[in-house]
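A.B. asks: model the structure of this input:
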Amino acid sequence: MNGVHPLIQHTPSDAGNVSIPALHVLSEITTSLSTDANVEQLLGRFLSTMIRLAGAQAGAVRVITDDRTHLRLIGSVGLPPEMVEHEAIVSVDCGVCGKAAREITTSSWNNVAFCKKQANDAYFSGTCNTVVAVPLMHKNQVMGVYNLFLDEGHTVPEDVRMLFRSIGEHLGIALENARLTRENMRISLMNERQMLANQIHDSLAQTLAYAKMRLTVLSDAMHHEDYPKANRYLVDVEEAVDLAYADLRDLITQYRDRINPRGLVPAIQELAKSFRKKANADVDFLNLVQDVSLTPDEEIQVFHIIQESLYNIAKHARARHVVITFDLEDGQYIVNVADDGVGVQRKNDESSTMGKSFGLTIMRERAAKLEGTLKVESRPAGGTVIRLVFPRRPSSQPPAGHEQPGRSL
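C.D. replies: Numbers count the residues shown, from 1 in each chain. This is a model prediction of the structure:
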């Protein structure tokens, strides 16, 4: 957008006036915001358009900081480098910017003495004697501001001010959406870290705690020269270290895996193929859903629940045959992972048999993110079935409280 904007025509007889096809300008801004481009970069590109619309000689664009106490400079055109460096961050209450933030309207100052004092720059001693601030707002909250620096005697026409208000509303919404996206990405990252911490606690940490306890009794047996007991405790420690090493490798493998970019179904197919090789067991995957419509976040949760289920089967169940089914009934997705292994030891007490070794807590946390339920049951013919049920929703609608962070963890 550098140079003269193609949708803005300057009238030769009056260099300060422009013919503004407002709908075209707003349409172009809306189209640009619908892309995956960085919002702050787009704001910098739109700055040239704002300067042309106002007939200004220079301009700057700022966004509000997360604590809403300062405005951060993200782009400028026509300003001296010294001023840009000095004005990198200013108070949200500063001068015309603060006035625009308080009044939530385009503001003008014909007295630039305050700006000159703040910037300590000779720029405001020259021809620039008017500063215009265009707030970028969302629900009466300022998300950023455009500063436009005008020549002496130049004013912004009322129709341009009205256009600036519409532009400010569009860009304010875009900034708020970008903020929410960052916030939800942070929440998603924190949730994944918490799940990883829980999984380490449920496997590696408990194994190491057991090894530490056996080392204590081993030391005591050695002190009393009870070598038969010492040898037995030494074997326990060696087995615990081997188990801890295996748990660590499994954790690394699980969190290194990324879901297939083609979607959940190909990812499950690859998971089943890998399980066949590692566990030496037959795996059947039955996809009974013609149109799998899941958000990327939902795909991640389902994928890792199935992955954890297969991991537990390989580690504990001694199964020879596993069946994964993916179905849709009455608006509910149903995922079953069934095996013909040893089954749940006590059918009515999942927590005593599955809670720690099978990572049931982790899987249920993932099911909760899907607003679903997860059950572990014994099969009448032997073995275990892990059953996940969660609601179907439009692909553009994430579960409550969750955004779409993308497919990779």
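
A.B. asks: and this protein, what are its domains?
C.D. replies: Domain segmentation of the chain under automatic domain parsing yields 9-181, 261-409.

A.B. asks: His224 is nearest to which of these?
C.D. replies: Set against His224 and scored by C-beta to C-beta, the domains of the chain come closest in domain 261-409, at 32.2 Å. Just so you know, the C-beta spots here come from the backbone N, C-alpha and C atoms, and that holds for glycine as well.

A.B. asks: so for the closest one, mean pLDDT?
C.D. replies: Taken as a whole, domain 261-409 has a mean pLDDT of 79.

A.B. asks: how far away from the center of its chain is that domain?
C.D. replies: 23 Å (C-alpha atoms, centre = their mean, to the nearest Å).

A.B. asks: and for stretch 100-109?
C.D. replies: With C-alpha atoms, centre = their mean, you get 33 Å for stretch 100-109.

A.B. asks: cool, and stretch 222-242?
C.D. replies: Remark: stretch 222-242 is offset 48 Å from the chain centroid, using C-alpha atoms, centre = their mean.

A.B. asks: check stretch 209-221 too.
C.D. replies: Relative to the centre of its chain, stretch 209-221 is centred 44 Å away, using C-alpha atoms, centre = their mean.

A.B. asks: how about residues contacting that stretch?
C.D. replies: With contact meaning C-beta atoms under 8 Å, 6 or more residues apart in numbering, stretch 209-221 is reached by Tyr227, Lys229, Ala230, Tyr233, Leu234, Asp236, Val237, Ala240, Val241, Ala244.

A.B. asks: hang on, the earlier thing: Met195: which of the domains of the chain is closest?
C.D. replies: Between the domains of the chain, domain 261-409 lies closest to Met195; by C-beta to C-beta that is 5.6 Å.

A.B. asks: could you dump the contacts of stretch 209-221 to CSV with secondary structure, neighbour count and pLDDT?
C.D. replies: Shown next, in CSV, are the contacts of stretch 209-221 (DSSP: H, G, I helix; E, B strand; the rest coil; neighbours: other C-beta atoms under 10 Å; pLDDT from 0 to 100):
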residue, secondary structure, neighbour count, pLDDT
Tyr227, helix, 11, 92
Lys229, helix, 14, 92
Ala230, helix, 18, 93
Tyr233, helix, 21, 92
Leu234, helix, 16, 94
Asp236, helix, 17, 91
Val237, helix, 17, 92
Ala240, helix, 20, 88
Val241, helix, 13, 90
Ala244, helix, 18, 85
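
A.B. asks: adding distance to Ala56, write those out as CSV.
C.D. replies: Listed next are the contacts of stretch 209-221 as CSV, based on distance: C-beta to C-beta, whole Å:
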residue, distance to Ala56
Tyr227, 90
Lys229, 87
Ala230, 85
Tyr233, 81
Leu234, 81
Asp236, 78
Val237, 75
Ala240, 72
Val241, 71
Ala244, 66
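
A.B. asks: having no further points to raise, I will conclude here.
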